[in-house]
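Participant: Turn this into a structure:
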Amino acid sequence: MTTTTLAVLVPLLPFLGAAAGLLLGRTAPGFVRPLAVLPPLASLVLAVTVTVRQDGGQAIDAHTELTPTGSVPIELALHIDGFAALVAVLVGVVATCVQIYSTGYLRDDPRYPSYAALVSLFTSAMLLVVYSGDLMVLLVGWEIMGICSYFLVGHYWETPEARAASLKAFLVTKLGDVPFLIGLFALATDAGSFRITSVLGTVASGGLHHPTLVALLLLAGVAGKSALFPLHTWLPDAMAGPTPVSALIHAATMVAAGIYFVARLLPVFQASSAAMVVLAVMAGVTMTGSGLAALAQDDIKRVLAYSTIGQLGYMAGALAVGDRGAAVFHLLAHGAFKALLFLGAGVVIHASGTNSLAVMSRMKGLRNRVPDAYWTMTVALLALAAIPPFSGFFSKEAVLGAAEHVATGHTEHAPGAAGWIVLITALVTAVLTAAYATRLWLLAFHGQGTEAPDHGRQPVTMTAVLWVLAVPSLAFGLTYGPLPDWFDGRDLTPVLTTSVLGTGLALVGGIITYGAWRNTTTMAARVPLGAVAAHPDADAGLVEAEAIASHEPAFGDVAYAPDPADPGRLLLGPLHRHAAVGFHLDAVYHALFVRPVQAGAQLVRFLDREVVDTYVRGAGALPRWLGTAVRRAQTGNVQTYVSALLAGTVVLVVAAVLVATGA
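Facilitator: Modelled structure (predicted):
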């Protein structure tokens with residue numbers, strides 16, 4: 001079988017699995033789980049085969065015209081270079097692990113068949129984006145992911161939080177997709193084709209007429225899809241969905257799509273220095289803001305959500321300094337350890353019955369209840385904090401090295417200002433990342449108080465995949481040697497200066513957080529049920545949603561006193577309350593966009609009801625009144641008619657006399 005045929009089957013198999021799952025979900029429920037797991041697993045095997053055959057060499061290109069358009073052609077095209085092949089393997093690994101994990105996590109969920117089918121469709125859409133060689137076909141996968149995220153985030157539609165989160169995710173990403181679509185059309189107009197190779201050829205020859213405008217339009221869509229500032233606000237709220245969905249969105253689909261798109265079309269953005277600086281600013285604000293916000297969150301999944309936003313900022317920062325090799329390296333490493341963190345968090349939530357770190361911090365011995373999650377999440381958190389020799393150290397160091405290279409003027413691939421912005425904010429974020437990773441580890445697994453509840457062993461399908469993902473989280477970074485052959489050839493070997501600086505700052509962040517935790521170990525005592533409200537920072541809606549999935553009691557079933565023993569409160573001080581709500585960006589958007597739209601809707605409603613409806617009612621009332629008058633004159637009573645005739649005669653006689661007298 002040719003490599004092209006195998007590549008076509010990679011996104012096709014999960015799509016067919018999704019279709020079969022939707023059709024057979026009710027009539028043949030015994031086939032649901034095999035149809036959920038086997039297609040992505042087969043797709044992973046084929047993706048690995050394609051990667052081996054591609055071997056980091058010449059890109060695999062194939063195309064056929066879908067239909068004549070009369071102008072710019074739309075083609076079903078493949079363009080598989082080294083990093084596309086590797087990203088497809090990442091998608092296959094994470095999707096397969098998520099589907100296997102979900103068979104245990106949602107084992108009693110009545111909507112599991114539709115959930116599994118949507119996850120497969122989600123996977124197929126991302127693989128289409130990865131392998132596509134035509135921008136319009138890429139856009140199809142891009143938009144399918146958007147609608148899948150809407151349904152999956154809103155899986156627990158019984159809760160208002162899930163419904164609101166799914167709508168928010170859909171609307172915010174669509175807000176970015178409108179200028180994104182305009183940018184694609186402008187790009188294709190200049191290139192005369194939607195083919196990626198043709199577009200890149202046009203850029204290389206200087207044929208792009210308005211590079212800054214096109215790049216900024218495309219960045220709007222990328223900001224929405226990859227949760228970069230200022231369109232990142234949907235991602236923390238998306239935690240209302242099932243935890244395996246969070247793992248898929250954060251590690252291998254959706255948010256990775258925007259970074260991947262910029263990496264694939266990086267020359268388009270490099271054609272405009274202004275666009276590169278804008279991307280650097282977006283990356284810098286995203287990194288630092290999300291790091292501060294993560295340090296203030298109580299919900300374990302929201303901590304990880306803001307963590308994802310920060311790591312996406314690192315990837316965007318690498319692209320802003322013109323190094324797609326470092327960006328994709330960090331994308332691959334992050335995909336492994338972030339999927340592990342979310343799936344591990346799901347095990348912890350199952351065991352504890354809560355999302356709240358404040359509640360977990362009062363559970364003694366939770367790590368003994370979930371040893372698999374404890375050890376694997378420890379590995380993943382060390383990778384997240386970029387501690388050597390874990391994978392995150394090597395990939396994050398590649399970003400720091402690339403930024404330092406640009407900042408010191410050793411390359412012309414990006415403006416020096418972009419290099420300094422990325423380098424400084426990335427170093428600050430290194431401290432914050434280690435701080436919130438340490439805080440999560442301490443509060444979740446080293447609590448003091450009553451014994452953690454014992455709900456028995458977690459299903460093997462949930463714990464086994466944690467160890468599978470722990471391997472790349474630990475060792476993938478060591479592939480920095482051969483990886484440049486799959487990218488642009490730039491050496492990814494760690495640089496001594498940034499390695500020491502980045503690792504030192506990470507250790508400082510971790511040590512300071514540990515010291516703050518030690519100084520706040522006087523935990524609030526457990527109180528009788530109903531005595532006090534739940535922890536004020538906890539999101540009860542998210543906990544309720546997870547309780548639906550796990551069939552365990554939400555933490556609201558046992559009340560606890562507000563916990564002042566959070567090291568994040570001590571470290572952030574007065575900034576804590578602002579960071580806990582994402583620095584009020586949602587409130588700003590509500591004032592700038594939601595209220596004006598609501599006011600406009602109320603005006604339209606008033607005009608419709610009080611003006612248009614009044615006119616319509618009046619137009620109907622006049623004939624009705626005339627009809628009533630005529631109907632009363634036609635009574636059918638002869639005496640009435642004779643009386644009216646006599647009265648009329650009298651009136652006419654009187655009128656005639658008056659006229660004659662006047663004459």
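
Participant: just checking, residue 228 touches residue 311?
Facilitator: No - under the criterion of C-beta atoms under 8 Å, residue 228 is not in contact with residue 311, lying 11.3 Å apart. In short, each C-beta sits where N, CA and C put it, glycine included.

Participant: got the residue ranges for the strands in the stretch 1-150 of the chain?
Facilitator: Per DSSP state E, counting those that start in this stretch, the stretch 1-150 of the chain carries strands over the ranges 60-67, 74-80.

Participant: Can you tell me which of the ones you listed is most buried?
Facilitator: Among the strands of the stretch 1-150 of the chain, the stretch with the highest mean neighbour count (mean count of other C-beta atoms under 10 Å) is strand 74-80, at a mean of 21.

Participant: Would you mind pulling the contact partners of that strand?
Facilitator: 4, 7-8, 50, 54, 59-67, 88, 131-134, 136-137, 194-197 (C-beta atoms under 8 Å, 6 or more residues apart in numbering).

Participant: among the strands of the stretch 1-150 of the chain, where is the model least confident on average?
Facilitator: Lowest mean pLDDT of the strands of the stretch 1-150 of the chain: strand 60-67, a mean of 85.

Participant: Which strands and helices lie in contact with the longest helix seen in the chain?
Facilitator: Longest among the helix segments of the chain by residue count, using DSSP state H, is helix 160-191. Helices and strands touching helix 160-191, by 3 or more C-beta pairs under 8 Å, 6 or more residues apart in numbering; DSSP states H and E, are helix 135-153, helix 196-204, helix 211-225, helix 234-237, helix 540-550.

Participant: sorry, back to before: redo the strands of the stretch 1-150 of the chain as a markdown table? Include distance to residue 518.
Facilitator: Formatted as a markdown table, the strands of the stretch 1-150 of the chain follow (distance: least, C-beta to C-beta, whole Å):
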| stretch | distance to residue 518 |
| --- | --- |
| strand 60-67 | 55 |
| strand 74-80 | 51 |
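
Participant: and residue 444, which of those is closest to it?
Facilitator: Nearest to residue 444 among those is strand 74-80; the distance by C-beta to C-beta comes to 40.1 Å.

Participant: now the closest one against strand 60-67, angle please.
Facilitator: Between strand 74-80 and strand 60-67, the angle comes out at 170 degrees (axes from the mean of the first three to the mean of the last three C-alpha atoms, to 10 degrees).

Participant: Distance from strand 74-80 to the middle of the chain?
Facilitator: Mean-position distance between strand 74-80 and its chain equals 26 Å (C-alpha atoms, centre = their mean, to the nearest Å).

Participant: any idea of the angle it forms with helix 135-153?
Facilitator: Orientation check (the same axes, to 10 degrees): strand 74-80 against helix 135-153 gives 80 degrees.

Participant: residues touching the residue nearest the centre of the chain, list them.
Facilitator: The structure's the chain has its C-alpha centroid closest to residue 235; by C-alpha atoms, centre = their mean the separation is 4.6 Å. Shown in contact with residue 235 (C-beta under 8 Å, 6+ apart): 169, 227, 250, 255, 305, 308, 309.

Participant: Apart from its neighbours in sequence, what residue is nearest the fourth one?
Facilitator: So the one you mean is residue 255. Nearest residue to residue 255, sequence neighbours excluded (C-beta to C-beta, 6 or more residues apart in numbering): residue 226, at 4.9 Å.

Participant: Can you pull the phi/psi pair for that neighbour?
Facilitator: Main-chain torsions, residue 226, degrees, to the nearest 10: phi -100, psi 10.

Participant: Touching, it and residue 258? I think so.
Facilitator: Yes - counting by C-beta under 8 Å, residue 226 does reach residue 258; the two are 3.0 Å apart.

Participant: pLDDT weak spots in the protein?
Facilitator: Within the chain, the stretches with pLDDT under 70 are 522-565, 632-633, 663.

Participant: that older thread, how far off helix 196-204 does the longest helix of the chain point, in degrees?
Facilitator: 60 degrees.

Participant: so helix 160-191 versus helix 211-225, what angle?
Facilitator: Counting by the same axes, to 10 degrees, helix 160-191 lies at 160 degrees to helix 211-225.

Participant: how about helix 160-191: buried residues?
Facilitator: 161-162, 165-166, 168-170, 172-173, 175-177, 179-184, 186-188, 190-191 (16 or more other C-beta atoms under 10 Å).

Participant: do stretch 33-53 as well
Facilitator: By neighbour count on 16+ other C-beta under 10 Å, the buried set for stretch 33-53 is 33, 35-37, 39-44, 46-51.

Participant: Which residues does it contact?
Facilitator: Stretch 33-53 has contacts (C-beta under 8 Å, 6+ apart) with 3, 6-7, 9-11, 13-14, 16-18, 20-21, 24, 60, 80, 85-86, 88-89, 91-93, 95-96, 99-100, 102-103, 116-117, 119-120, 123, 127.

Participant: switch to 6 Å and redo it
Facilitator: Here stretch 33-53 makes contact (C-beta atoms under 6 Å, 6 or more residues apart in numbering) with 3, 6-7, 9-10, 13-14, 17, 20-21, 85, 88-89, 92, 95-96, 99-100, 103, 116, 123.

Participant: This completes my enquiry, with thanks.
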